[in-house]
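Asker: Fold the following.
(4 chains, ligands or ions: 2)
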Amino acid sequence: MHEPSGLIENLFVFVLASFLGLELIRGVSRLLHTPLMSLTNAIASIAIVGSLLMTGRPHESQLITVLGAVAIVCSTINAVGGFLITERILKMFKKRSE
Amino acid sequence: MHEPSGLIENLFVFVLASFLGLELIRGVSRLLHTPLMSLTNAIASIAIVGSLLMTGRPHESQLITVLGAVAIVCSTINAVGGFLITERILKMFKKRSE
Amino acid sequence: MQETNPYVQYVYLASAALFILSLKWMGQVRTARRGNWAGTAAMVLAVLGTLIAGGITGQGYLWIAVALVVGAAIGTPMAIVMPMTAVPQRTALSHAFGGLAAALVGVAEYLENANSGMSTFTVGALSVEMLLGFLTFTGSLLAFGKLQEIITTKAVIYPGRNLVSIGTLTIAILSAAFLTLNPASTAAFGVLICASLLFGVLLIIPIGGADMPTVIAILNSYAGLSSCAMGFVMNNKLLIVAGALDGTSGLILSIVMCKAMNRSFANVLFGGMGATPTGGGAAKSPTGKAIVGFSIEDAKSILQDTRSVIIVPGYGMAVAQAQHAVKELANVLAAQGTDVKFAIHPVAGRMPGHMNVLLSEADVPYDQLVEMEMINSSFPEADVAIVVGANDVTNPAARTDKTSPLYGMPILDVDKARTVIFIKRSMNPGFAGVDNELFGLDKTMMVFGDAKKVMTELVAAFKAGH
Amino acid sequence: MQETNPYVQYVYLASAALFILSLKWMGQVRTARRGNWAGTAAMVLAVLGTLIAGGITGQGYLWIAVALVVGAAIGTPMAIVMPMTAVPQRTALSHAFGGLAAALVGVAEYLENANSGMSTFTVGALSVEMLLGFLTFTGSLLAFGKLQEIITTKAVIYPGRNLVSIGTLTIAILSAAFLTLNPASTAAFGVLICASLLFGVLLIIPIGGADMPTVIAILNSYAGLSSCAMGFVMNNKLLIVAGALDGTSGLILSIVMCKAMNRSFANVLFGGMGATPTGGGAAKSPTGKAIVGFSIEDAKSILQDTRSVIIVPGYGMAVAQAQHAVKELANVLAAQGTDVKFAIHPVAGRMPGHMNVLLSEADVPYDQLVEMEMINSSFPEADVAIVVGANDVTNPAARTDKTSPLYGMPILDVDKARTVIFIKRSMNPGFAGVDNELFGLDKTMMVFGDAKKVMTELVAAFKAGH
Ligand SMILES: NC(=O)c1ccc[n+]([C@@H]2O[C@H](COP(=O)([O-])OP(=O)(O)OC[C@H]3O[C@@H](n4cnc5c(N)ncnc54)[C@H](OP(=O)(O)O)[C@@H]3O)[C@@H](O)[C@H]2O)c1
Ligand SMILES: NC(=O)c1ccc[n+]([C@@H]2O[C@H](COP(=O)([O-])OP(=O)(O)OC[C@H]3O[C@@H](n4cnc5c(N)ncnc54)[C@H](OP(=O)(O)O)[C@@H]3O)[C@@H](O)[C@H]2O)c1
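Answerer: Ligands and ions are numbered 1, 2, ... in the order given. From the prediction side, this is the model:
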């Protein structure tokens, strides 16, 4: 078996994170499902980490850098938008404490 | 910094497992706290993995093998007892479905 | 592609912990905002960590800076200007960007290493990343189009569609498998991309616009899993953690939504394959009885001097943006001494928590919003139930008619109130396409018209009358 | 120490997943037994995986086989013979074994590699493993002794004990730090072991026997963290996962118990440092009023022809092993047409869920056991509340007396019932050492005697009378 470095460690991390996700989301009150969707939407922009590495490193082909840069733009839109909108939605809930 | 192999991976695993433990236990009904204590007691005997490795491998000093063997005995008592008692306790709950 | 700076991993660990805390805190209203801040901080840490990861050239930093600025310049106004009712569309569009980003990184990674020998596992993970990324991209774009009503919101049902969808998916999977075994095959690479893009389209086409929120949650899950696959390719644990959290959260959310709507999860997961076309189109006067519309004045006279009123908002309130007018009516009623409550059905509107968000926006105090389970026992004591643009969530067919697509969905018992006022534009059915027999009851008063218009006029009538 | 067979890691991953599922399933009565099976399977997988890990010699397998057989031969009868009321002791003893095992592995690992150069981090983790392991060992042994009443169950309070405890802990930590920096120092190694063992003793001595269950949960947490440290030393992820699950579960359980008893978690965590000696010793007749004991016949006449009775079991029922007799009384009452319910206080007895376990053992149907929050509203309508060996959980001082150590703990409102029958042996207080003013009320009927004896006689009286 041709095994890349860290595969088993990554599988451990994956399994643990998946179980954790299940437990965490089950606990979210229904009231908050809309901001939750918008928050997880923002978290999905974590792909920006890969995009940054792709863009920043030297490559033989300029094409790769361009693809990476487009990916950064896309992820950033996703991240900025997601967190801002979640904040906007949550602000509406603040009335409770008033 | 003299860093052993796999430290960061292990830290990731540790952090994820700890959060997961918190979430899982918070969800356990109060009714089940006694069997839960007895189950986690059994799980603590996971130290048996280390004990087996210690005992089974060749060592310069026989003392190490003996220490390992004692550790195996201790963990086994812990494991066998823990799971059996949990089962005994849980059997009492079965009436519900009757 | 390993980070050369070892400390980066600790930054990533901190970021992962913050993402977890973010979801944890989002679980309760009290801590939800802290949760959003934690998420933001986690993302910032992730970006900063990557920037110091090492290996990035001066030229690279330039590209990155430009791309970040462009992204922020597009994303910020989009988020700030957007009206609250457009949250579903915005989320869909955002997913499209997220899926595209993951897919493009996969493409770039493939192009760079295709000939320099990648392990079988790495190519397999790359294929999964591209497949999920591209199908999320086109799927989300289409969902956006339907929600924004750029394309038809109807479910497009054509003969043999199941065959076409499954065929496309099969081709995508086969080409992924082939690519995994022959990393150098650019043909398989091309086919994989095209099939994935096409499958995203086919996945969404047969689904009606109103089912989109559930679909978006699923697409969220796919986007997360795509990032996860990227994490396996790049040996990056932060990507795996965040991707897995995302993947499972999308899954759970869509299951919760399906349950609340009494729909089969499998149906949505496999993109409406085998979805039964529900009722469809406009309905006639349901019981055959002639139904008369009442006037604003009629409604006003019923509402005057009532002891208790329950307002039931639904999708129509969202469409008409009537939440502020509704809140005004509640104020007017409260001023005359009426006890006013809002009944919140879990799937009223088109996304989970839709009504909560809209009414909170209109400053309705949090404690007047009562969830279905709690308020249902209050209907028999209510003088009037005002149904503002809701329909399915009040339909008693869900309790009685086994053949109805609504059958089994818990509903709000508005029919137990002494009088029911329905405010909607016509006799048309709601999302499920099912007639509502309540419209024909003697205790029911239909007030036809746009929700915002009716509400505003009703408030005006009250103010004039006093 | 790396496993040489790479497939072992996949076995470990499966084992870790099963441990997680085990805890997840233990969360609900319906799936709890499946949870225990999953845990057992996980442990078996862990052992099998390790046995095929590679590097084990023929000689080694022999040692292992013998040790496993001896362990099972001791553990099995211990678990099967043990009476249910001894669960706390058994758990404590078991923890002692667990802690010792972890500590011994640490010692062995140290002895083997002390001179062959370990990284600073590894030695640090080893020190933590030994510290936690050894203190869990002696601490649990002492807790066992107190619960089994081999040694005094009283909190042993001596002057300057805080100083001695903190001093010992400081020495343990300093020697651990020194060892970490100078791995070859056998002196530091020895001091660390002795100080850890001693600290375990000092930790438990000032804690009263009744506080032991909370302490055991904490020790469980320490044992788990010790395994975690072992995982870091051996670079074994299964040890880390199982250890962390254990560590957090002990923590949460003890926090829950502390909350339910309204005690400070910090107090228990730091082993009774600064614990205020509570009341202490036997109490006199509380209000000064003369208290008369009633007879079995008196109790019988009150219970005859009642409409509804609530039975409140407590620690005394466990001590007297009266659960079967209590169940018999419930049967007799039900036979005469009385509605019988059991009120379950979360911390009645000496461990969480204690009453549930005992009453289930006596075949009391699950749905007759009502939790505190649910039953409190029923007391005002109950004709009689029979308190069987409970005390603190009924004490109204928790509601009214700010100076009482019970203040703030939610209680069962037995005083709202028309008549209260208290069955206990004397006027002595319960765990918290606080007088209970209910004993002197006019509506109260004290029936002195061992719970089992009184119950059996009461049942006999009923049977004779009919
Ligand atoms: N919340 C979720 O997560 C979610 C997600 C997907 C699907 N769904 C589904 O959506 C439905 C929600 O139920 P619902 O009762 O809120 O909505 P509904 O059953 O779809 O009914 C909405 C009603 O509002 C009326 N309406 C539309 N525009 C209006 C306007 N401008 N002014 C006044 N009335 C207007 C429509 O009647 P006219 O055309 O006659 O005006 C329609 O009958 C359920 O079937 C649920 O399963 C919910
Ligand atoms: N459940 C847990 O997790 C947990 C853990 C640690 C501490 N605690 C503490 O334990 C207490 C539990 O309250 P509780 O009301 O169940 O018990 P309690 O307050 O300790 O009272 C038990 C009573 O039972 C009587 N008793 C003892 N042996 C008896 C026998 N053989 N026959 C009849 N009566 C007998 C005793 O009085 P006589 O001596 O006069 O007979 C005593 O007053 C709380 O203070 C709680 O905080 C609970």
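
Asker: now the chain, which segments are flagged as low pLDDT?
Answerer: Assuming you mean chain A. A:1-5, A:92-98 (pLDDT under 70).

Asker: oops, chain C please
Answerer: C:1-4, C:84-85, C:153-155, C:208-210, C:261-263, C:267-290, C:405, C:466.

Asker: Ramachandran coordinates for the closest residue to chain D within it?
Answerer: Of all residues in chain C, the one sitting closest to chain D is residue C:237 (12.5 Å; C-beta to the nearest C-beta). The C-beta positions use only the backbone N, C-alpha and C, and glycine is treated the same way. With angles defined as degrees, to the nearest 10, residue C:237 sits at phi -70, psi -30.

Asker: tell me the contacts of it?
Answerer: The contact partners of residue C:237, by C-beta atoms under 8 Å, 6 or more residues apart in numbering or on different chains, come to A:9-10, A:13, B:8-9, B:12, C:9, C:12-13, C:16, C:231.

Asker: again with residue C:354
Answerer: Counted by C-beta under 8 Å, 6+ apart, residue C:354 has contacts A:34, C:315, C:318, C:348.

Asker: quick one: the third one and residue C:353 touch, right?
Answerer: So the one you mean is residue C:318. No: here residue C:318 does not reach residue C:353: they are 11.8 Å apart, not a contact under C-beta atoms under 8 Å.

Asker: residues from the stretch 351-466 of chain C in reach of chain A?
Answerer: C:351-354, C:356-357, C:360-361, C:363, C:365-367, C:371 (C-beta under 8 Å from any C-beta of the partner chain).

Asker: Quick one: buried ones out of the residues you listed?
Answerer: Buried by 16 or more other C-beta atoms under 10 Å in any protein chain shown: C:351-354, C:356-357, C:360-361, C:366, out of these.

Asker: what number of residues lie near residue C:307?
Answerer: The burial count assigned to residue C:307 is 11, neighbours taken as other C-beta atoms under 10 Å in any protein chain shown.

Asker: And it, how close does it get to residue D:42?
Answerer: From residue C:307 across to residue D:42, the span is 60 Å (C-beta to C-beta, to the nearest Å).

Asker: just residue C:120 next, same as before
Answerer: Residue C:120 is 30 Å from residue D:42, by C-beta to C-beta.

Asker: Give me the more crowded residue out of these two.
Answerer: The neighbour comparison of residue C:120 against residue D:42 (other C-beta under 10 Å) goes to residue D:42, with 26 against 14.

Asker: What strand or helix carries that one?
Answerer: helix D:32-51 (DSSP states H and E).

Asker: same question, residue C:13
Answerer: Secondary structure from DSSP H and E places residue C:13 in helix C:8-25.

Asker: before we move on, the earlier item: which one of the contacts of residue C:237 sits closest to residue D:399?
Answerer: Proximity to residue D:399 was ranked across the contacts of residue C:237 by C-beta to C-beta; first place goes to residue C:16, at 45.4 Å.

Asker: what's the burial count for the closest one?
Answerer: 27.

Asker: Then residue C:340 would be within a helix, right?
Answerer: No: according to DSSP: H, G, I helix; E, B strand; the rest coil, residue C:340 belongs to no helix; its state is strand.

Asker: got the contact list for the nearest residue to it once chain neighbours are set aside?
Answerer: Nearest residue to residue C:340 in three dimensions, chain neighbours excluded: residue C:330, at 4.6 Å (C-beta to C-beta, 6 or more residues apart in numbering or on different chains). Counting by C-beta under 8 Å, 6+ apart, residue C:330 makes contact with C:311, C:340, C:342, C:364, C:368.

Asker: closest point of chain A to chain D, which residue?
Answerer: Taking C-beta to the nearest C-beta, chain A has residue A:8 as its residue nearest chain D, at 4.2 Å.

Asker: Look up how far residue C:109 lies from that residue.
Answerer: From residue A:8 to residue C:109 the distance is 21 Å (C-beta to C-beta).

Asker: And residue C:233, by the same measure?
Answerer: Distance from residue C:233 to residue C:109, by C-beta to C-beta: 6 Å.

Asker: joint contacts of the two?
Answerer: Contacts common to residue C:233 and residue C:109, judged by C-beta under 8 Å, 6+ apart, are residue C:126.

Asker: can you list the contacts of residue C:237 in JSON lines and add distance to ligand 2?
Answerer: Below are the contacts of residue C:237 laid out as JSON lines (distance: C-beta to the nearest ligand atom, whole Å):
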{"residue": "A:9", "distance to ligand 2": "39"}
{"residue": "A:10", "distance to ligand 2": "41"}
{"residue": "A:13", "distance to ligand 2": "36"}
{"residue": "B:8", "distance to ligand 2": "39"}
{"residue": "B:9", "distance to ligand 2": "38"}
{"residue": "B:12", "distance to ligand 2": "35"}
{"residue": "C:9", "distance to ligand 2": "42"}
{"residue": "C:12", "distance to ligand 2": "41"}
{"residue": "C:13", "distance to ligand 2": "36"}
{"residue": "C:16", "distance to ligand 2": "35"}
{"residue": "C:231", "distance to ligand 2": "43"}
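
Asker: Number of residues surrounding residue C:82?
Answerer: By other C-beta under 10 Å, neighbour count at residue C:82 equals 17.

Asker: ok and the residue in chain C nearest ligand 1?
Answerer: Using C-beta to the nearest ligand atom, residue C:430 is the residue of chain C that sits closest to ligand 1, at 2.1 Å.

Asker: picking up where we left off before, tell me which other helices or strands the helix holding residue C:13 touches.
Answerer: Using 3 or more C-beta pairs under 8 Å, 6 or more residues apart in numbering or on different chains; DSSP states H and E as the contact test, the elements touching helix C:8-25 are helix A:7-26, helix A:33-43, helix B:7-26, helix C:32-51, helix C:237-261.
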